[in-house]
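[1] Pasting the sequence and the predicted coordinates here, then a few questions.
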Amino acid sequence: MQRRIYLSSPCMNGAEQEFIKEAFDTNWVAPLGKNVTEFENEIMAYSGVSGAVAMNAGTAAIHMALRAVGVTAGDVVFCQSLTFSASANPIVYQGATPVFIDSEPDTWNMSPEALKRAFKKYPHPKAVVVVHLYGTPAKMDEIMALCKEHNVPLIEDAAEGLGGSYKGKKLGAFGDFGIYSFNGNKIITTSGGGMLVGNDTEKLKTVLKWITQSREPAPWYQHEELGYNYRMSNIVAGIGRGQMTALVDHVAQKTKIYHTYKEAFCDLPVTMQPYLEETVPNHWLSVFTIDEGCDVSPLSIMETLQKENVESRPVWKPMHMQPFYASCDFFAHGEEGECISEDVFARGLCLPSDFYPQMTQKEQNEIIEIIKGLF
Ligand SMILES: Cc1ncc(COP(=O)(O)O)c(C=O)c1O
């Protein structure tokens, strides 16, 4: 490949510059201003929620969601194991203990069966963190029913899922709180940033206070609670507003990339990440697993692509396999210990899923031919 092809890189459309320019022209460059407010309004309208708070990272939004539902030191929080570490780390920030839940084979997200068993051992976790892995919706009906039955708040990590939907409702809008990430590689980016969304607008007002150093309304600096410096800047929000104008197009592009791979690999011993019929993934990353018994390994494909100047990456290594979280409890999908997340990690590969023109159709076809040549 003449130039490097990335897994997923930022794709600017030009509109971002207008919003940034306006912020400069009006000298609203601090972590407040029209872009921040409008970006929140646009996300609220898009996702169908009544509240949103823009922050400097998706990780910060998860942290504040945990605090908002009352997670404190010594609590147990159930968290999907097959995810990026940022889903779990804020549980530790709060002094709580993560208990990891395996995936199911139909979407690779949180297994309701494993969750059910976790509730038997830990009947009173303080929260459940579910993830829409690579933009593929989790089994929300089953997971929400279990959370309701046990009266436990659900935090929806939709960092990778903005633009996807489950039975017609947008991802991020299901949980007591949902979060999005606008990190550089996401479906839309602000260079870095995140948002907490939900319908409890009073609680979101409190979160806004916490993330702006917990300043109380007083002429002097008055603090009655612990504060954080997590607010999104008006410049960064300007990038977000520009990116929002392209979100629908971005999802369409990623969807086309996924289906092009799926069609091209239909005769290979591989399986693209599955999704439920009643859901619409945003297909942020196209991912496949190599069928059992095939002697081609994900790492051998990755190395071959690397030599061709093409980026690919193994599937997230599950949190229960990470040395840092080795002492945490874990519930496998199967009663006999059948573990889906370990299996997806062992056989999975994230394929180059970059936007046009960073990856053209011709370049994706070349990548497909390289991969086909290995089988
Ligand atoms: C599943 C998941 N959760 C949380 C995050 C954290 O988001 P951020 O990088 O914006 O802090 C990411 C991405 O980075 C992610 O992929």
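    Looks like it arrived, so ask away. Values in this document were obtained by computation on a predicted structure and should not be read as measured data.

[2] pLDDT-wise, which helix or strand of the chain ranks last?
    Every helix and strand in the chain was compared by mean pLDDT, DSSP states H and E; the lowest is helix 15-25, with a mean of 95.

[3] Identify the residues contacting the helix or strand just after that helix?
    The first helix or strand that comes after helix 15-25 along the chain, using DSSP states H and E, is helix 34-47. Applying Cβ atoms under 8 Å, 6 or more residues apart in numbering, the contact partners of helix 34-47 are 19, 22-23, 26, 28, 49-54, 162, 170-173, 178, 180, 195, 197, 231-235, 237-238, 240-241, 244, 247. To be clear about C-beta, it is placed using only N, CA and C from the backbone, and glycine gets the same treatment.

[4] Just grab the bridge partners of residue 313 for me.
    Following DSSP bridges, residue 313 is listed with bridge partners residue 350.

[5] the strands in the stretch 51-200 of the chain, which residues?
    For the stretch 51-200 of the chain, the strands defined by DSSP state E, counting those that start in this stretch cover 51-55, 76-80, 97-101, 127-131, 154-157, 165-166, 169-170, 177-181, 194-198.

[6] Show me which helix runs longest in this protein.
    For the chain, the helix with the greatest residue count under DSSP state H is helix 247-264.

[7] number of nearby residues for residue 369?
    Residues within reach of residue 369, counting by other Cβ atoms under 10 Å, total 10.

[8] So which bits of the stretch 1-150 of the chain are right by the ligand?
    57-59, 83-84, 86-87, 131 (Cβ under 6 Å from any ligand atom).

[9] Just send those back as JSON lines, with pLDDT too.
    Output for those, formatted as JSON lines (pLDDT from 0 to 100):
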{"residue": "57", "pLDDT": "98"}
{"residue": "58", "pLDDT": "98"}
{"residue": "59", "pLDDT": "98"}
{"residue": "83", "pLDDT": "98"}
{"residue": "84", "pLDDT": "98"}
{"residue": "86", "pLDDT": "98"}
{"residue": "87", "pLDDT": "98"}
{"residue": "131", "pLDDT": "98"}
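
[10] And the residue of the chain closest to the ligand?
    Going by Cβ to the nearest ligand atom, the ligand is nearest to residue 58 of the chain, at 2.7 Å.

[11] For the nearest residue in space to that residue that is not next to it in sequence, give the beta-bridge partners.
    Leaving aside its chain neighbours, residue 58 sits nearest to residue 181 (2.9 Å; criterion: Cβ to Cβ, 6 or more residues apart in numbering). Beta-bridge partners recorded for residue 181 (DSSP bridges): residue 194.

[12] Residue ranges in the protein under the pLDDT threshold?
    Counting by pLDDT under 70, the chain has no low-confidence residues at all.

[13] all helices for it, in order.
    Assigned by DSSP H, the chain shows helices spanning 15-25, 34-47, 58-68, 89-93, 112-121, 140-149, 201-211, 234-244, 247-264, 298-307, 340-347, 361-372.

[14] so how many other residues sit close to residue 333?
    Look at residue 333: counted by other Cβ under 10 Å, it has 23 neighbours.

[15] The residue lying farthest from the centre of the chain and residue 102: what is the separation?
    In terms of distance from the mean C-alpha position of the chain, residue 219 ranks first, at 39.3 Å (Cα atoms, centre = their mean). Taking Cβ to Cβ, to the nearest Å as the measure, residue 219 and residue 102 are separated by 53 Å.

[16] next one: residue 113
    In this view, residue 113 and residue 102 are 8 Å apart by Cβ to Cβ.

[17] Which of these two has more residues huddled nearby?
    Higher neighbour count among residue 113 and residue 102: residue 102, with 28 against 18, using other Cβ under 10 Å.

[18] So that one sits against residue 337, correct?
    No - under the criterion of Cβ atoms under 8 Å, residue 102 makes no contact with residue 337, lying 9.7 Å away.

[19] in the least confident helix or strand of the chain, what's buried?
    Buried residues in helix 15-25, counted by 16 or more other Cβ atoms under 10 Å: 15-16, 19-20, 22-23.

[20] Residue 9: which of the residues you listed is nearest?
    Using Cβ to Cβ, residue 16 comes nearest to residue 9 of those, at 14.9 Å.

[21] Isn't that closest one up against residue 244?
    No - using Cβ under 8 Å, residue 16 is not in contact with residue 244; the gap is 9.9 Å.

[22] number of nearby residues for residue 51?
    Residue 51 sits with 19 neighbouring residues when counted by other Cβ under 10 Å.

[23] Correction: the previous question concerned residue 314.
    With neighbours defined by other Cβ under 10 Å, the count for residue 314 comes to 16.

[24] before we move on, what about the one 10 residues further on?
    If you count neighbours by other Cβ under 10 Å, residue 324 ends up with 11.

[25] Could you pull out the residues contacting both of residue 113 and residue 102?
    By Cβ under 8 Å, 6+ apart, the residues touching both residue 113 and residue 102 are residue 333.

[26] Find the nearest non-adjacent residue to residue 118, please.
    residue 331 (4.4 Å).

[27] In contact with residue 270, which residues are there?
    Applying Cβ under 8 Å, 6+ apart to residue 270 gives the contacts 288-291, 294.
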